[in-house]
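Chemist: Fold the following.
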Amino acid sequence: MTNIDSNVVVSAFTEDQVERLTGCTIHLLRYWDSTKFYSPEFADPNRRNSYSRVYSFRDLLSLQILGALKNDLNISLQHLRDVKEKLSHLGDEKWSRTKLYVVKKEVVFHDEDADERRGVISGQIVLPPIALEVVRSGMESRVAEMRQRDVTKVGKIERSRNISHNAWVIGGTRVPVAAIQSFEKAGYSIEKILQEYPSITKDDVIAALAHGKAA
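Modeler: Below is the predicted model:
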């Protein structure tokens, strides 16, 4: 298992961040959620609430693989649904921890107990060489890159086209000001808000809480 540096990996991700990191569009993420194909780990039962879909790092890894299978390798969604059903005994880590391959448009997995590669649906043993292996890679560094900010934007509030639907966000990030203010209304201290958003600073939170309020 990969050791993940807690200082590098953000504990929770918005839809915008997931789209940026995995290549899965927000429309696709919401479709998969509504059809119960793939739902975020931290989801509000009422999806009409703001920020009701929050994804974990494990979700990122799974969605990176699903995105590659669907978008890069043209594996049909129905086949992926069948694979999900067949691998249901592996639990929530069926996509992120299982070694998956693709041969002739069929998803193949490595059965470690038998040391065999089998088609998930057909059950047929696949002999080497394997045409293509889909592996998890580089997500930690991509998350770290996402967190890099222009130091001049710390403590600033900005709005930019194509970022969080043109909502006000903390400078150099995609963290919505509205989300920070919602946490304050729910009784969260600045310290607790920072625990929810490790990528921002105390100055960012203060600026977000002050935004829109009369001087």
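
Chemist: who's in contact with the residue nearest the centre of the chain?
Modeler: For the chain, the residue whose C-alpha lies nearest the mean C-alpha position (C-alpha atoms, centre = their mean) is Leu60; its distance is 3.3 Å. Shown in contact with Leu60 (C-beta atoms under 8 Å, 6 or more residues apart in numbering): Phe13, Val18, Leu21, Thr22, Met139, Val143. Glycine gets a C-beta too; all of them are placed from N, C-alpha and C.

Chemist: Would you agree Leu63 is in contact with Thr22?
Modeler: Yes: because the distance of 4.4 Å satisfies C-beta atoms under 8 Å, Leu63 is recorded as touching Thr22.

Chemist: Among the contacts of Leu60, which ones are in helices?
Modeler: Counting by DSSP state H, the part of these found in helices is Val18, Leu21, Thr22, Met139, Val143.

Chemist: and the last one, how many neighbours?
Modeler: Right, Val143. Applying other C-beta atoms under 10 Å, we find 20 other residues in the vicinity of Val143.

Chemist: ok, Lys185 to Ile193 distance?
Modeler: Shown here: Lys185 relative to Ile193, a distance of 11 Å by C-beta to C-beta, to the nearest Å.

Chemist: now the strands: where do they sit in the protein?
Modeler: With strands called from DSSP state E, the chain shows them at 42-43, 53-54, 100-103, 106-111, 116-119, 132-134, 157-158, 169-170.

Chemist: Could you list the low-pLDDT ranges of the chain?
Modeler: 1-11, 128-137, 147, 160-165, 214-215 (pLDDT under 70).

Chemist: what about Arg48, neighbour count?
Modeler: Arg48 has 6 neighbours, counted by other C-beta under 10 Å.

Chemist: Now do the contacts for it.
Modeler: So Arg48 contacts nothing (C-beta under 8 Å, 6+ apart).

Chemist: What about the closest residue in space to Leu127 that isn't next to it in sequence, how many residues nearby?
Modeler: Among residues not flanking Leu127 along the chain, Arg117 sits closest, at 7.9 Å (C-beta to C-beta, 6 or more residues apart in numbering). By the measure other C-beta under 10 Å, the count of residues near Arg117 is 20.

Chemist: returning to what we had before: compare Lys185 and Ile193 (neighbour count), which wins?
Modeler: Using other C-beta under 10 Å as the criterion, Lys185 and Ile193 rank with Ile193 on top: 22 against 7.

Chemist: wait, doesn't the more buried one sit right on Ile180?
Modeler: Yes: using C-beta under 8 Å, Ile193 is in contact with Ile180, at 6.1 Å.

Chemist: Mind listing the shared neighbours of those two?
Modeler: Common neighbours of Ile193 and Ile180, using C-beta under 8 Å, 6+ apart, are Val205.

Chemist: What ranges does the protein have for its helices?
Modeler: If you assign secondary structure with DSSP H, the helices in the chain sit at 15-22, 26-34, 57-67, 77-86, 139-147, 177-185, 190-196, 202-210.

Chemist: need the ones you listed in TSV with distance to Lys153, can you?
Modeler: Converted to TSV, those look like this (distance: least, C-beta to C-beta, whole Å):
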stretch	distance to Lys153
helix 15-22	17
helix 26-34	24
helix 57-67	24
helix 77-86	39
helix 139-147	13
helix 177-185	13
helix 190-196	17
helix 202-210	9
